[in-house]
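> Sequence first, then the predicted structure, then my questions.
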Amino acid sequence: MQIKYSGNVRIRIEGYGYVNPGETIVVAGGLGKSLCRGSEFREIKNKMVKHFPEAVQSPPAEDRRQKAAVKKVTHKNTSGIRKKRANKTIVSDRGGKRK
Amino acid sequence: MSDEYGYGREQNVFIKAEGAGAYGTLVHPAGTDAIKVLSCGLTNAQERKDRLEKGSSRSVISRFTGRKTAEFTLEKYILPSGSKGTKPDDAILWEALFGQEEVHMDTSVDYKLLAEGSISLSIFNDVGPHREAICGAVPTSMTLNWTGGDEPKVSFNGPAKDHYFCGSGTLAADATTTTTITVNDARQFAIDMLIKIGTEDNSGAGFKITEINYGTNVLTLNAQVESQSSGAAVIPLPLTPVTTGDVIPVIVGNVKFGSSTILVTGCSFTVDQKIALRNDEFGSVSASGFRHPEFREVTCSLDLYFTKDAGRWLNDAKRFTAQDIEVNLGETEGYKLEIDASQVEFEIPNIDVPDTGECTISLAGKCLGSSGEDELIVSFL
């Protein structure tokens, strides 16, 4: 599962390596759930990202207004394009290594 | 971690504060409660008394059971978190020892002495396939030490109320929608410990063992196992340690007496809170709480070369002149430790004249309070 670390210091997860503040990582489900019980980790669900990409990155209000204008066009596009956008939003610079 | 052997290099320690007013109630940790240690030892004993009634034989025929005791000791590097105002992993140990913690956002985390601290701890120690734990642990003494070639370390030790040990085994029979499981050897397990059975871990919470029948090898659990086959592994609930912090290097830092910076080759500070467990009350098998009946003792010791300027410290000691000592370990923000002892009265030191090498003196003294409960302040900066 994908989880985002929101603490303010670099941590080390045994068996996974170092995680920097703000970093999104991919971990096994059991470990992810266990980490998300604390306040410094939260799960990033693919479903949520797909439908509400702005919720993940929280762009400024002006950007959101611009996006809203584009949104109508986006909905008319194929699901493939939407998927691509969603995938782009979940950036994990360490996820690949951890798989 | 090895699931077969207990290697010395494989040890994970987790510490959790027990609830207020719930001394000795074992609290299970999460992976984020981990601390990195150099060593950790949990010990326990229960008194067995010989029955020494007079008779015609010299044999001791039987024994009877007395009270339980437990202790812990652990040594670790001092590991600041890396961010000012963010607590280190082992914050709960410092707070339990000193009594109070002050977190100043983006500035520091300070530990100050309190007349009567109230925190007790549950400490878990994973070694290979084994997990042991103690409850009601109270850090009563702490030593900070370092030398010019040995990075700053801290050790804590103290008494505890009770001890638990949980090994691992396998299911001896299928377990389907049941709260009782049969294992190959129930002696591997202990009541109150959390286990994982095959692929099930009770949604991450683990299954707590509530009862053990050593005759039938049946464990009773606090939750239902859905479906696991005979032969499935029964192990302590796995915890993945999450830690932070870095070692403070010995190549940066200083020791000051007032405004004078002095060069030392080694230094240590010790706090002995002299906490006593209340473990003598009739009708209980182990301690029911802890008290602070004695004066605490805070001491420090510095080793330095007996150079020309160092003579004044010897004469200051002879005149019982207290020194205001400030120690700064490290220089990178977020990775610094400051030790402040504002009134240290040294014993009169002896000059050590070796056959070869330089003369040295050891300044050992007692840290005194000023307005009370202020012999020593430790700050992560």
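Perfect, thanks for sending it.
> Residue numbers of the stretch 201-350 of chain B in contact with chain A?
B:201, B:203-204, B:238-245, B:334 (C-beta under 8 Å from any C-beta of the partner chain). Every C-beta, even on glycine, is put in place using the N, C-alpha and C of the backbone.
> what's around B:Val242, how many residues?
25 (other C-beta atoms under 10 Å in any protein chain shown).
> what does the model give it for pLDDT?
pLDDT, B:Val242: 95.
> Same check on the one 4 residues further on?
Each residue has a pLDDT score; the one for B:Asp246 is 95.
> how many neighbours does it have?
B:Asp246 has 16 nearby residues by other C-beta under 10 Å.
> Please put the alpha-carbon coordinates of stretch A:30-42 into CSV.
In CSV, the C-alpha atoms belonging to stretch A:30-42 read as follows (Å, rounded to 0.1, in the frame of the first residue of the first chain):
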residue,chain,number,x,y,z
GLY,A,30,0.3,-5.0,7.4
LEU,A,31,3.1,-2.6,8.0
GLY,A,32,1.2,0.2,6.3
LYS,A,33,-1.8,-0.2,8.5
SER,A,34,0.3,-0.4,11.6
LEU,A,35,2.2,2.8,10.6
CYS,A,36,-1.1,4.6,9.8
ARG,A,37,-2.3,4.1,13.3
GLY,A,38,0.1,6.8,14.3
SER,A,39,-0.4,10.5,13.3
GLU,A,40,2.6,10.8,11.0
PHE,A,41,1.5,8.4,8.2
ARG,A,42,-1.6,8.3,6.1
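> Contacts for it next, please.
A:1-7, A:13, A:27, A:43, B:30-32, B:201, B:203-204, B:238-240, B:242 (C-beta atoms under 8 Å, 6 or more residues apart in numbering or on different chains).
> Mind checking which of these are in helices?
Nothing among those maps onto helices, per DSSP state H.
> Just the buried ones from these?
A:1-5, A:7, A:13, A:27, B:30-32, B:201, B:204, B:238-240, B:242 (16 or more other C-beta atoms under 10 Å in any protein chain shown).
> Excluding chain neighbours, what is closest to B:Phe257?
Take B:Phe257 and drop its neighbours on the chain: the residue closest to it by C-beta to C-beta, 6 or more residues apart in numbering or on different chains is B:Gln323, 4.7 Å away.
> Just to check, B:Thr107 is in contact with B:Glu333?
No - B:Thr107 is not in contact with B:Glu333 according to C-beta atoms under 8 Å; the separation is 10.2 Å.
> can you list residues touching both of these two?
Overlap of the contact sets of B:Thr107 and B:Glu333 (by C-beta under 8 Å, 6+ apart) consists of B:84, B:381.
> interface residues of chain A facing chain B?
A:8-16, A:30-31, A:33-35, A:37-38, A:40.
> show me where the stretch 1-150 of chain B has strands.
B:11-17, B:34-35, B:39-50, B:63-77, B:99-104, B:108-113, B:121-127, B:130-137, B:141-147, B:150-160 (DSSP state E, counting those that start in this stretch).
> B:Leu363 is nearest to which of these?
strand B:141-147 (14.5 Å; C-beta to C-beta).
> Direction included, what does that closest one pair up with?
Sheet pairing of strand B:141-147 (DSSP bridges) gives strand B:150-160 (antiparallel), strand B:266-272 (antiparallel).
> Neighbours of B:Arg187, how many?
Here the number of neighbours of B:Arg187 (other C-beta under 10 Å) works out to 11.
> Distance of it relative to B:Gln46?
Separation of B:Arg187 from B:Gln46 (C-beta to C-beta, to the nearest Å): 17 Å.
> same thing with B:Cys267?
40 Å.
> Next to chain A, which bits of the stretch 1-150 of chain B? Give me the list.
B:12, B:30-32, B:34, B:81-83, B:86.
> Quick check: the farthest pair among these?
Most distant of the residues of the stretch 1-150 of chain B next to chain A, by C-beta to C-beta, are B:Asn12 and B:Ser83, 23.5 Å apart.
> So in terms of bridging, what pairs with B:Tyr164?
Bridge pairing for B:Tyr164 - DSSP bridges - gives B:Ala133.
> How about B:Asn157?
Beta-bridge partners of B:Asn157, as defined by DSSP bridges: B:Thr73, B:Ser141.
> Might one say that it is in contact with B:Glu71?
Yes - between B:Asn157 and B:Glu71 there is a contact under C-beta under 8 Å: 7.0 Å.
> re earlier: could the residues of the stretch 1-150 of chain B next to chain A be laid out in a markdown table, adding pLDDT?
Shown next, in a markdown table, are those (pLDDT from 0 to 100):
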| residue | pLDDT |
| --- | --- |
| B:Asn12 | 96 |
| B:Ala30 | 93 |
| B:Gly31 | 93 |
| B:Thr32 | 93 |
| B:Ala34 | 97 |
| B:Ser81 | 96 |
| B:Gly82 | 95 |
| B:Ser83 | 95 |
| B:Thr86 | 96 |
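> Figure out the helix or strand that B:Glu281 lives in.
In the assignment (DSSP states H and E), B:Glu281 maps to no helix and no strand.
> Find me whatever residue is spatially closest to it, sequence neighbours aside.
Here the residue nearest B:Glu281, using C-beta to C-beta, 6+ apart, is B:Ser288, at 5.7 Å.
> Any idea how many residues pack against the one you found?
Counted with other C-beta under 10 Å, B:Ser288 comes out at 15.
> so how far is B:Ala96 from it?
Noted for B:Ser288: a distance of 18 Å to B:Ala96, by C-beta to C-beta.
> With that, I have no additional questions.
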